[in-house]
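Trainee: A structural model of the following input is requested.
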Amino acid sequence: MVMGKVEGQGESWHGHVTAVTVAPEYRRQQLAKKLMNLLEDISDKVDKAYFVDLFVRASNTPAIKMYEKLGYVIYRRVLCYYSGEEDGLDMRKALSRDVEKKSIIPLKRPVTPDELEYD
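Mentor: Numbers count the residues shown, from 1 in each chain. As a prediction, the model looks like this:
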């Protein structure tokens, strides 16, 4: 299952992955990759977004590695994002509309949840 949305304005117009999950008995079949590709294609071709982003726990190494294999980069660290205790990573993948790949240039400093922009 994948759930997402598009949001933002101007060059911040993007697809957002709200959730992606695969039942344990169906893992290791590249279903998450197929679901992510579907969301990315819709964000790119239908919604004309500049990038896709998602948030993942900083401790979730398997998920981070999977997203990196799919072309995502760590854009920024969000301090105490999860339940005010664990940092989150905002990961992004540029789409075809972002020709110069500006949307994935990492920020140099972490941010707090209050600093997140939700255009």
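Trainee: can you pull the alpha-carbon coordinates of the host helix or strand of residue 6 into CSV?
Mentor: Using DSSP states H and E, residue 6 sits in strand 2-7. The C-alpha coordinates for strand 2-7 follow below in CSV (Å, rounded to 0.1, in the frame of the first residue of the first chain):
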residue,chain,number,x,y,z
VAL,A,2,1.2,3.5,-0.8
MET,A,3,-0.4,6.7,0.2
GLY,A,4,0.7,10.1,-0.9
LYS,A,5,-0.4,13.6,-1.9
VAL,A,6,0.9,16.7,-3.7
GLU,A,7,1.4,20.0,-1.9
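Trainee: what sits up against the next helix or strand after it?
Mentor: Once the chain leaves strand 2-7, the next helix or strand it forms, by DSSP H and E, is strand 14-20. Residues from elsewhere that reach strand 14-20 (C-beta atoms under 8 Å, 6 or more residues apart in numbering): 1-8, 32, 35-36, 39-40, 42-44, 47, 49-54, 92, 95, 103. From N, CA and C alone the C-beta is placed, and that goes for glycine too.
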